[in-house]
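**Q** sequence and computational prediction follow.
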Amino acid sequence: MSAGLAALLDDIAVLARAAAASVDDVGVAAAKAGAKAAGVVIDDAAVTPQYVRGLAAEREIPIVKRIALGSLRNKFLIILPVILVLSQFLPVLLTPLLMLGGAYLCYEGAEKIWERIAHRDHGDGEQERVDEKTLVAGAIRTDLILSAEIMVISLNEVASETFWSRLIILSVVAVIMTVLVYGAVGLIVKMDDVGLRLAEKPGKGVAKFGRGLVKAMPKVLTGLSVIGTAAMLWVGGHILLVGADDLGWHGPYSIVHHMEEAVHDATGALGAVFGWFTNTLASAVVGLAIGALIVAFMALTFHRKSHKKETPTETALAEAAPVDGTPPAETEHR
């Protein structure tokens, strides 16, 4: 898991514990945790900008707003009710559900890599409008998984509290994280517009900085797209490794953990950095492998369904045609 995501989840855990100590102070605790997380929220928001990349400038903020509203619906209409009910009656199901979400993240990441390798292009016009809806739906589905992970981890920190306390605490966490993440995303995608405004200013230094910002943003967005895809793989892979360990299959996570410790011990002062990188890389490899298997399975299933749909028609045409290959219409005319 990325350092930013790990730090963010630690902040959420601090928030949950502080809120549990006194529900009356939950707003203050949430504000403090949110302010501390603001510096790392860009890393966790890296997945979303790729969904608005390539759209017209005037459509970027409306799309981000639609995704943010979808994120709030995810949290309050799906995630909160489900995890609260499960934590109350069937807590054993929380880990398997998280693992399903992790598998979906692996699939999303692997699919994006496959699309890049296959050089799949989209048309313009009406297809662009359809793609906008598809991109929003895809972003909201991905948000569902990431939000569920954050909310479940937060829930674990206040599992001993009463039902209503858990509801209040998690509701505050949901609002804060949505504002932080999508506020950061909005700033990222509009930086090129800010650069254009600065480039028009009379000051030479300010104008030069603005032009540099405009030139840099395409590269920044490309980098964020790569980071976002990688984040899907390493977060998804990490969820699966930890979930499998929690369910009793200790082998995969134990191997990764031992690799991390070995690298940590062998690299001295930089052991923490290289150890984290080892864990992250191993999680990403696991995520890519599982995601590739799911992509292959989905492609094979879709191909079989398409073949079954086409076969009856092809068979009917073959039966209708005479032996000499003359089309049916010409045969009847003769």
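**A** Ah, there it is. Just so it is clear, the model here is predicted, and its values are computed rather than measured.
**Q** which ones are touching Ile78?
**A** Counting by C-beta atoms under 8 Å, 6 or more residues apart in numbering, Ile78 touches Leu144. To be clear about C-beta, it is placed using only N, CA and C from the backbone, and glycine gets the same treatment.
**Q** ok, now how distant is it from Gly102?
**A** Distance of Ile78 to Gly102, computed by C-beta to C-beta, to the nearest Å: 17 Å.
**Q** same deal with Glu111?
**A** 15 Å.
**Q** more crowded one of those two?
**A** Gly102 (28 against 19; other C-beta atoms under 10 Å).
**Q** for Leu170, see how far away the more buried one is.
**A** Distance from Gly102 to Leu170, counting by C-beta to C-beta: 20 Å.
**Q** swap in Ser71?
**A** Ser71 is 14 Å from Leu170, by C-beta to C-beta.
**Q** now swap in Ile83 and tell me
**A** Following C-beta to C-beta, the distance that separates Ile83 from Leu170 is 8 Å.
**Q** anything in contact with each of the two?
**A** Contacts common to Ile83 and Leu170, judged by C-beta under 8 Å, 6+ apart, are 151, 155.
**Q** more neighbours: the two, which one.
**A** Between Ile83 and Leu170, counted using other C-beta under 10 Å, the more crowded position is Leu170 (26 against 22).
**Q** any idea which element the more buried one lies in?
**A** helix 163-189 (DSSP states H and E).
**Q** so what's the residue count around Pro218?
**A** The burial count for Pro218: 11, using other C-beta under 10 Å.
**Q** what sits closest to Val206 if chain neighbours are left out?
**A** Leu198 (5.4 Å; C-beta to C-beta, 6 or more residues apart in numbering).
**Q** so who does that neighbour touch?
**A** With contact set as C-beta under 8 Å, 6+ apart, Leu198 has these partners: 206-207, 209-210, 213.
**Q** hmm, Gly195 is touching Lys208, no?
**A** No - using C-beta atoms under 8 Å, Gly195 is not in contact with Lys208; the gap is 10.6 Å.
**Q** what about these two, which has more around it?
**A** Gly195 (20 against 12).
**Q** run through the residues that contact the more buried one.
**A** Gly195 touches 209-214, 217, counting by C-beta under 8 Å, 6+ apart.
**Q** other SSEs contacting the helix or strand containing Gly271?
**A** Per DSSP H and E: Gly271 is located in helix 271-320. Here helix 271-320 touches helix 94-118, helix 204-246, helix 251-266, going by 3 or more C-beta pairs under 8 Å, 6 or more residues apart in numbering; DSSP states H and E.
**Q** quick check, central residue of the protein?
**A** Thr142 (4.1 Å; C-alpha atoms, centre = their mean).
**Q** work out for me the element it sits within.
**A** helix 126-157.
**Q** average pLDDT for the helix holding Gly271?
**A** Helix 271-320 shows a mean pLDDT of 80.
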